[in-house]
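> Could you work out the structure for the sequence below:
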Amino acid sequence: MIKSVITSLFVLLFTVTQAQKTIQYDSIKPMEPYNFILGTNTIGGKYQFTNDSKLLEQAKHVRGMGSNMLKISLGANSPKSYGLTIDQQPSTTLQLFNASPEYKKVVDMDFKYIFMWVHTITGINWKKGINAEQEKRLYDEMFDFATYLLKTYNNSGKTFLIGNWEGDWLLLPDYNRTAAPPQEHLQNMTKWFQIRQKSVDDAKKAVASKNVQLYHYIEVNLVLKGMKGEPCIASSVLPYVNVDLVSYSSYEAIKNRTYSEKQEQLKSIFNYLEKQLQPKEGLPFSRRVYIGEYGYHANSNKPESFTKQYNETKEIMKISLELNLPFALHWQMYNNEYETNGESKQMSLINEQGERMPLYFLHQTYYQQMNRFLINYKASNKSAPSTEVFRKKALEVLDAL
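Take a look at the predicted model:
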C-alpha cells in the first residue's frame with residue numbers, strides 16, 4: 001500500500017513538473033564557497049530555448065539550479081556540439097578557449113569548481129606513438145593552457161580540474177568492452193598522460209598564483225576488467241602516471257543492482273583505483289577518486305520509470321557521500337542520449353521540451369538546504385563545518401527528499 005502511494009506521488013510529481021516550462025532561468029543566488037560534492041555535466045547540446053549559446057544557456061541553468069560546479073567540453077568537436085561559431089581552426093587548447101567568447105563567459109561565472117574535457121587540438125594521434133617533436137607540442141599545449149588558467153584566475157577561489165573523457169573507450173574505439181587494448185596503445189596512452197601531468201605540475205611550479213587550484217585527472221570507465229587482471233587503464237596505465245585524481249564513469253558498476261550491491265561494488269572499485277596510484281602530496285581531497293558520470297534512463301511513455309530513475313539517482317548521491325568521494329557528477333543538464341529510433345533516453349535535468357524534471361528539483365532542493373545549513377553553521381560556530389559534518393547533514397537532507 002505504501003509503495004503504491006509513493007509511486008502515485010511520483011507520477012503526480014512528474015505530471016506537475018511537465019507543466020513547468022523552462023522559459024526563464026532560475027535566479028542566481030549567492031552560494032557558500034564550499035564543496036557541495038554533487039554536480040552535473042553540460043557536455044554538448046542537442047537543443048536550446050534562448051538566444052544564448054547552448055554552452056552559456058546550460059551554464060546559467062546549472063548555476064540557477066544552485067550548483068557551484070560546472071563541467072564542460074573543450075575538445076576539437078566542442079564548438080560544433082555547443083553550436084559555437086569560430087573564425088579559424090585552432091591548433092592548441094588555449095587557442096580554442098580564446099576562439100569563442102562563450103568559453104570565458106561560463107568560466108567567469110561564479111562557479112567554484114570547473115571541470116573540463118581537455119584532449120588535444122594539435123592533431124597528434126598519440127595511439128601511433130609520440131616522437132620528441134610531438135612530445136614538446138603536447139607538453140607546451142597543456143602547459144600554456146594551465147599557465148593561462150592560473151594567471152587569469154589568480155585569487156579567484158576557483159578550482160580547475162582538466163582531464164579526458166572515458167579513457168577506456170579511447171583505447172577501444174569500437175566500444176567492445178571484452179576486447180583487450182593493444183599493448184602499444186597502452187604504452188602510448190601512458191606516455192600521453194605522463195606528458196599532460198608533468199605539464200600541469202610544471203605550470204603550478206612556474207606560476208606564482210594564490211587562491212586558485214588546478215588539477216589533472218584521468219577518467220576510466222572499465223575498471224572491472226582491471227580487477228579481474230585484464231589490461232585496461234586502471235591496471236596498465238594508472239600505476240605509471242603520478243596523476244592528481246581519477247574520475248570514474250560509473251555505468252558498469254551501477255546498472256541493475258540493489259542499493260547495497262551498488263554501494264559494495266563502488267566501494268571495491270574506488271579502493272582498487274586508489275591502490276593503483278602513486279603517493280602524491282599537496283592534494284586537498286581526502287580521496288583522489290570520484291564519479292565523473294552516473295545516470296539512469298527513463299521513458300516518457302512510462303511515468304513510473306521516472307520514479308525509479310529518481311530513486312536510483314538519489315542512491316548514487318548518497319553512496320558518494322557515504323564513500324567520502326570529493327565529487328559525483330550526474331549525466332546531465334540537457335539530454336544527449338537517444339535510441340536508434342530517435343527516442344530520448346530522458347537522462348536530462350531539463351528535457352527537450354524545456355521542462356524541469358524531478359531530478360532538477362532534487363538537486364535544487366539539495367543545494368538550497370545545504371547552503372542554508374552552511375550559513376547557519378558559520379553564524380553559530382564562526383567557521384565552516386568539517387567535511388564529516390557536512391556529509392552527515394547532506395545524507396539527512398537526501399533521506400528526506
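> now the helices: where do they sit in the stretch 301-401 of the chain?
Taking DSSP state H, counting those that start in this stretch as the criterion, the stretch 301-401 of the chain contains helices spanning 303-322, 358-381, 387-400.
> Can you report how many residues lie near Gly292?
28 (other Cβ atoms under 10 Å). All C-beta spots, glycine's among them, are computed from the backbone N, C-alpha and C.
> where does it fall, helix, sheet strand or coil?
Secondary structure for Gly292, judged by DSSP: H, G, I helix; E, B strand; the rest coil, is strand.
> how close does it get to Ser27?
29 Å (Cβ to Cβ, to the nearest Å).
> Please identify the deepest-packed of the helices of the stretch 301-401 of the chain.
helix 303-322 (a mean of 19; mean count of other Cβ atoms under 10 Å).
> and the angle from that one to helix 387-400?
160 degrees (axes from the mean of the first three to the mean of the last three Cα atoms, to 10 degrees).
> And helix 303-322, what does it pack against?
Packing partners of helix 303-322 (3 or more Cβ pairs under 8 Å, 6 or more residues apart in numbering; DSSP states H and E): helix 2-18, strand 38-40, helix 259-276, strand 289-294, strand 328-330, helix 358-381, helix 387-400.
> Can you name the residues in contact with stretch 110-120?
Applying Cβ atoms under 8 Å, 6 or more residues apart in numbering, the external contacts of stretch 110-120 come out as 28, 31, 33-35, 39, 43, 59, 62-63, 67-76, 78, 93, 107, 126, 138, 141-142, 145, 157-165, 292, 327, 329.
> Among these, which ones are in strands?
Mapping the contacts of stretch 110-120 onto strands (DSSP state E) picks out 39, 69-73, 159-163, 292, 329.
> could you pull out the helices for the stretch 101-250 of the chain?
For the stretch 101-250 of the chain, the helices defined by DSSP H, counting those that start in this stretch cover 101-108, 132-152, 167-171, 183-206, 223-227, 233-236.
> Let me know which of the ones you listed is the nearest to Ser247.
Checking those against Ser247 by Cβ to Cβ gives helix 167-171 as the closest, at 8.9 Å.
> what about dumping the CA coordinates of that closest one to PDB?
This file holds the C-alpha atoms of helix 167-171, laid out as PDB (Å, rounded to 0.1, in the frame of the first residue of the first chain):
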ATOM      1  CA  GLY A 167      39.600   6.700 -21.300                       C
ATOM      2  CA  ASP A 168      39.000   3.100 -21.800                       C
ATOM      3  CA  TRP A 169      36.800   3.900 -24.900                       C
ATOM      4  CA  LEU A 170      39.700   5.900 -26.300                       C
ATOM      5  CA  LEU A 171      41.700   2.600 -26.200                       C
END
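> Would you mark the buried spots in stretch 87-103?
Of all the residues in stretch 87-103, those buried under the rule 16 or more other Cβ atoms under 10 Å are Pro90, Thr92, Thr93, Leu94, Gln95, Leu96, Phe97, Ala99, Ser100, Glu102, Tyr103.
> go on, stretch 137-146?
Neighbour counts over stretch 137-146 (16+ other Cβ under 10 Å) mark Arg137, Leu138, Tyr139, Glu141, Met142, Phe143, Asp144, Phe145, Ala146 as buried.
> Looking at stretch 369-384 now, give me its mean pLDDT.
Stretch 369-384 carries an average pLDDT of 98.
> List the contacts of it.
Lys29, Met31, Glu32, Tyr34, Phe36, Gly66, Pro385, Val389, Phe390, Lys393, Ala394, Val397.
> Go through the helices of the stretch 101-250 of the chain and name the closest to Asn336.
Nearest to Asn336, of all the helices of the stretch 101-250 of the chain, is helix 167-171, at 15.6 Å by Cβ to Cβ.
> Run through who's touching that closest one.
The contact list for helix 167-171, computed with Cβ under 8 Å, 6+ apart, reads 164, 175, 177, 181, 185-186, 189, 218-222, 225, 232-233, 237.
> Alright, I will stop here.
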